[in-house]
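Visitor: from the sequence below, what's the structure:
(chains A and B)
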Amino acid sequence: MNEAVLATVVAVLAASLRLATPYLYASLGEMFAQRSGVLNLGVDGIMLVGAFAAFYGTLTTGSVWIGVAGAIVAGLAMGLLMSVVSVTLKAEQGISGIGLSLFGLGLSSLLFKVLVGTVKTVDGFRPIRLPVLGDIPYLGETFFTQSLPVYVAFLLVPISWYVLERTTWGLKVRAVGQNPAAADTLGVNVTLTRYLCVCLGAVFAGLAGASLSIASVNLFQENLTAGAGYIAVALVYFGGWRPVGILMGALLFGTVTAIQLRMQVLGIEIPSDFAVMLPYVLTIVALTFSANRARQPAALNQPFERGGA
Amino acid sequence: MASGTRLPSGARNGRRDVLGIVVRAALPLVAVAAALFIGALMLAVLNADPVRAYQALFEGAFGSTSGITQTLVKATPLLLVGLGICIAFRASVINIGAEGQIILGAVFATWFALTFRTWPGWLLIPSTISIGFVAGAFWGFVPGILKARMGVNEILTTVMMNAIALQFMNYMIRGPLIDPAGVTAGQYLAQSEKLPESVWLARLVPQTLLHTGLFVALALAVVTYVFLWRTTIGYRIRAVGLNPDASHYAGIRVPRYQALSLTLAGGLAGVAGAIEVIGVQHRLLDGVTSGYGFSGIVTALFGGLHPLGTIPASVIFGGLLVGADKMQREVQVPSSLIQAILGLIVLFVVASQYWARRRSNRTHDVSATPASALGAEEAEA
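Guide: Predicted coordinates for the structure are as follows:
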């Protein structure tokens, strides 16, 4: 293999990990919400508010950690709003999620225009070359020279799996998502569990936004996510509501996007508009042919009413 | 219905809960008031004067002839999209794809009007609108059939298809449909050639953009109402939305009617796209949807998912959008505020339906399954 091709492959792989990161955060978070039975379709709006909070915190204080804290607080606030509407008030989840997304889009644009005004860049997270591992030829440059949020995102995959499958709380989450009435009978607090899952998911979505605005593009603009939150929701279906499946989906999506960004360099000649379509077409195909639907939490999208149908 | 499902028409037999009806009618207004109030708080926090902002908003929308006509121009696509949303949501199908369906309608209407530019207006205008319907309907049919045949979640597919449609339009207005005059002049503007004048919709008020598309939308509102409440197919669509299980046992093919409702919803959004092109811009431009695909959802929800209720709702939200521009120009409050308020209205409207449902459960004991959560208990118009 000649050097130029190898260099391109390395660049594509490195980019695919970086591009997969926001999806990983958002999808893993959404997985918790959905496993508890709540379809939170507001992920995109939460990501935008989180991205703005992280950007603004970093811009004004110069500290990325203040930015991260801002994203967490913003995500939590949006998660509470979604929980109240969807869990306590039992609203139709698909529609309330759209409302939350519109709200997040409007709010983040409003705050950006009033508080910042023009496009500015921030000094975000820098790539860290891991000792030893980073020196492996080629692999070091792809897998072990990334920014901290990328490493954390990938670490969250096994952690999420452990929490969901090996802890008592995870068992409760799964019970609430499968059969809330039975869980309720056994003394599991359905409402509390769903609140926690939606809020945890929203915090992850906020971090997903931060991973864009202060660890990847290092700026904020109107509708920065461009619908990435919806793709994150789709990846949860694609991944069969399991962390490993979501990891696969996010990597696939990241790789396709990375290739699409470098199509010209790679000598693939199709109009760029069609190249941009590719990930979305891929998502629809994947949703259609993935055999995962049987894994869908039985109570997904169903508000719980004690003694109700 | 044999299986014992109570449809809105069945609920009429019981005692009319007058208070319940008043509460249900007032809830959307309360939701808007609450959303505007929170908007005012946000403005105050951001050091803007909410009173001045809302004054500019209201005057911009309804304070002048140009404001009112502009409001009606925006109400037209909102109404058309909203009608489609009524049909889809009534069948418990969540269509988020109106943006893409508008785009498909607009692109193919443009292509058709340019290709058959020699046709006389009386023939070209209805054909162009029909092409818009077919193109939008196709964009609704794809997620519809995927849901019906493969059980694919329509929320996700319609969202993805919005993105695909957007790229398709980008390609068309920079490629096959690009204005040749612009190309020879050396400017590669992303827009189509100007459409032949024969296909332009007549202006209702001189010097304004208000066009006869408004009447098309109003007529389709009546048609949609008759379809949903006075035909067998419409009855089945509503039955499927109210209680899919009972409908299934009653012999209704649930997936088929869900796919049909999504196709029709797409068609109406496609008409909105076609009418935007031949009524307002007279050519295909970037941003033809102006976000109507999303604000149309707000409009339909506010109108109680009722075709006739969606008419006043479209005027109100058309006004909000027009006023938002004025507010941005005159008081420098970004129009994004209105977007945030629209989102809050959606949240409040769907949240408040819980109380409306609980009220009606007490009085009518209509089974409120999650599927029937949406305006299931709608009173007859």
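Visitor: quick check, residue A:128 in contact with residue A:148.
Guide: Yes - counting by Cβ atoms under 8 Å, residue A:128 does reach residue A:148; the two are 6.2 Å apart. Every residue, glycine included, has its C-beta placed from N, CA and C.
Visitor: what is the least confident helix or strand in the chain?
Guide: Went with chain A since none was named. Using mean pLDDT, DSSP states H and E, helix A:263-266 stands out as the lowest-scoring helix or strand of chain A, at a mean of 70.
Visitor: wrong one, I was asking about chain B
Guide: helix B:8-11 (a mean of 41).
Visitor: could I get the buried residue list for the following helix or strand past that helix?
Guide: As assigned by DSSP states H and E, the chain's next helix or strand after helix B:8-11 is helix B:18-45. Residues B:20, B:23-24, B:27-28, B:31-32, B:34-36, B:39-40, B:42-43 are the ones in helix B:18-45 that count as buried (16 or more other Cβ atoms under 10 Å in any protein chain shown).
Visitor: just those now: which is nearest residue A:261?
Guide: Checking those against residue A:261 with Cβ to Cβ, the nearest one is residue B:42 at 36.4 Å.
Visitor: does the residue nearest to residue B:133 when sequence neighbours are not counted sit in a helix or strand, and which one?
Guide: Distances taken as Cβ to Cβ, 6 or more residues apart in numbering or on different chains put residue B:267 closest to residue B:133, at 4.3 Å, once the chain neighbours are dropped. Assessed by DSSP H and E, residue B:267 sits inside helix B:254-275.
Visitor: for that helix, the distance to its chain's centre please.
Guide: 11 Å (Cα atoms, centre = their mean, to the nearest Å).
Visitor: report the angle between the helix or strand residue B:128 falls within and helix B:254-275.
Guide: Element membership of residue B:128 [criterion: DSSP H and E] is helix B:121-150. Per axes from the mean of the first three to the mean of the last three Cα atoms, to 10 degrees, the angle that helix B:121-150 makes with helix B:254-275 is 150 degrees.
Visitor: tell me which other helices or strands the next helix-or-strand element following helix B:121-150 touches.
Guide: Per DSSP H and E, the first helix or strand lying C-terminal to helix B:121-150 is helix B:154-174. Judged by 3 or more Cβ pairs under 8 Å, 6 or more residues apart in numbering or on different chains; DSSP states H and E, helix B:154-174 is in contact with helix A:228-238, helix A:272-289, helix B:98-115, helix B:121-150, helix B:254-275.
Visitor: now residue A:147. Its backbone dihedrals?
Guide: Dihedral angles of residue A:147 (phi, psi; degrees, to the nearest 10) stand at phi -80, psi 160.
Visitor: I figured the residue nearest to residue B:133 hits residue B:131, correct?
Guide: No - look at residue B:267 against residue B:131 with Cβ under 8 Å: they stay out of range, at 10.9 Å.
Visitor: please say which of these two ends up with more neighbours.
Guide: residue B:267 (28 against 23; other Cβ atoms under 10 Å in any protein chain shown).
Visitor: quick one: residues contacting that one.
Guide: Each residue near residue B:267 by Cβ atoms under 8 Å, 6 or more residues apart in numbering or on different chains is listed here: B:84, B:101, B:133, B:134, B:136, B:137, B:140.
Visitor: try 10 Å
Guide: B:80, B:83-84, B:87, B:101, B:105, B:130, B:132-141, B:220 (Cβ atoms under 10 Å, 6 or more residues apart in numbering or on different chains).
Visitor: show me which residues of the stretch 1-150 of chain A sit near chain B.
Guide: A:39, A:41-42, A:44-45, A:81-82, A:84-86, A:88-115, A:117 (Cβ under 10 Å from any Cβ of the partner chain).
Visitor: show me the residues you listed that map onto helices.
Guide: A:44-45, A:81-82, A:93-111 (DSSP state H).
Visitor: how close does residue B:305 sit to chain A?
Guide: 10 Å (Cβ to the nearest Cβ, to the nearest Å).
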